[in-house]
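>>> below: sequence and its predicted model.
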Amino acid sequence: MLRELQPKLFKRAVEITGDAQKLCGLLHIDPHALKLWSEGRATPPQWVFHVVIDLIVNDDLVRAAQDRRQQPRRPKPPEESGPPPP
């Protein structure tokens, strides 16, 4: 399960920081290591996961505090595959 989640976490962290180079600077890591972790081809140290998860959670908390909606956000239902109705 973690191998499936890992690329999504690193992709989101790159989005938050602006680009991969900035995330590497924040984590003090080599870009090659980030590439391997982002592709799920290697497992990062646990402290890296903690920093990435903190980054994501803090960003989500800030965005939630700025959300002006009166109703909670609801996920969109998955689109049905197949031909359109006649």
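It's in.

>>> beyond the helix or strand encompassing residue 33, next helix or strand please.
Here residue 33 sits within helix 31-38, counting by DSSP states H and E. Next helix or strand after helix 31-38 toward the C-terminus (DSSP H and E): helix 46-65.

>>> list the buried residues of that next one.
By neighbour count with 16 or more other CB atoms under 10 Å, helix 46-65 contains the buried residues 48, 49, 51, 52, 55, 56. For glycine as for every other residue, the C-beta is placed from the backbone atoms N, C-alpha and C.

>>> which of those residues scores worst on pLDDT?
Lowest pLDDT of the buried residues of helix 46-65: residue 49, 92.

>>> gap between residue 40 and residue 62?
Distance, residue 40 to residue 62, by CB to CB, to the nearest Å: 28 Å.

>>> would you confirm that residue 59 contacts residue 18?
No. With contact defined as CB atoms under 8 Å, residue 59 does not reach residue 18; the gap is 11.8 Å.

>>> name the nearest residue to the residue positioned nearest the centre of the chain, sequence neighbours excluded.
Residue closest to the average C-alpha location in the chain (CA atoms, centre = their mean): residue 12, at 2.6 Å. Using CB to CB, 6 or more residues apart in numbering and skipping residues adjacent in sequence, the residue nearest residue 12 is residue 56, 5.4 Å away.

>>> right, I'll leave it there.
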